[in-house]
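Enquirer: only geometry, no sequence info:
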């Protein structure tokens, strides 16, 4: 069962901040002055209909599609002019849309090949700790990535990101297209990460699950953040207006 978090939002130290971020692909501008933040130990959802700029926001944070205006900071350090590998080493782990695991490596090899402790954790993630979160991966440890189901690949993608021991985890479409039982395993794993105090920015369409564990939601429309609030504020009227639910 997924535990529901009802504690008030803390005005703690900001882990991630985007201020006035603008990003384009060639001459086509996609993001227009995006502002959002994730506090230390906070789980935040980025919501919106398809094509509204959510994935581009994730790509901008990671430096895959650098913004041409605005600032992105992680613990006060500016990211927007850094190459992707330096952003990762500062402590951001990415679970990309489409998973992008290594298909010719086993599940175990997918985890070990990226193992690092960029954040200098005293108790870093190990393969055993990943298997404790996602027991199904232990059962499939010697299976090639290409042999795993979509849900198993998503668990592996999350585990792979955790093996870099990030300060902040970015998940682009956490449970899209997965069977209900697999979704519940993913949500259970995210609940564990929440309880352990990992900062998380997650994109997903499963509002009911998100509202149980996410502390703050940002909704995007046409490349802008048009609404933000706590789970209690994400009413059916708000969902209908901005998400078409």
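Expert: Great, that's in hand. The shown structure was predicted, so the numbers you read here are calculated from the model rather than taken from an experiment. Numbering: from 1, shown residues only.
Enquirer: residue 210 should be in a helix, yeah?
Expert: Yes. Checked against DSSP: H, G, I helix; E, B strand; the rest coil, residue 210 lies within a helix.
Enquirer: which residues are in contact with it?
Expert: When the contact criterion is CB atoms under 8 Å, 6 or more residues apart in numbering, the partners of residue 210 are 45, 47, 202, 204, 217, 231. C-beta: built from backbone N, CA, C; applies to glycine.
Enquirer: can you say which of the residues you listed are buried?
Expert: 45, 47, 202, 204, 217, 231 (16 or more other CB atoms under 10 Å).
Enquirer: from those, which land in strands?
Expert: Assigned to strands by DSSP state E, the following of the buried ones among the contacts of residue 210 qualify: 45, 47, 202, 217.
Enquirer: correct me if wrong: the first one contacts residue 212.
Expert: Read it as residue 45. No. Contact criterion CB atoms under 8 Å: residue 45 and residue 212 do not qualify, at 11.1 Å.
Enquirer: just checking, residue 199 touches residue 40?
Expert: Yes. With contact defined as CB under 8 Å, residue 199 counts as touching residue 40 (5.9 Å).
Enquirer: who touches both of those two?
Expert: Taking CB under 8 Å, 6+ apart as the contact criterion, the common neighbours of residue 199 and residue 40 are residue 15.
Enquirer: quick check on the residue lying farthest from the centre of the chain: phi, psi?
Expert: Outermost residue of the chain with respect to the C-alpha centroid, by CA atoms, centre = their mean, is residue 27; its distance is 27.6 Å. The phi and psi values for residue 27, taken as degrees, to the nearest 10, are phi -90, psi 0.
Enquirer: that one and residue 68, how far apart?
Expert: In this structure, residue 27 and residue 68 are 11 Å apart, going by CB to CB, to the nearest Å.
Enquirer: if anything else comes up later, I'll come back, but that's it for now.
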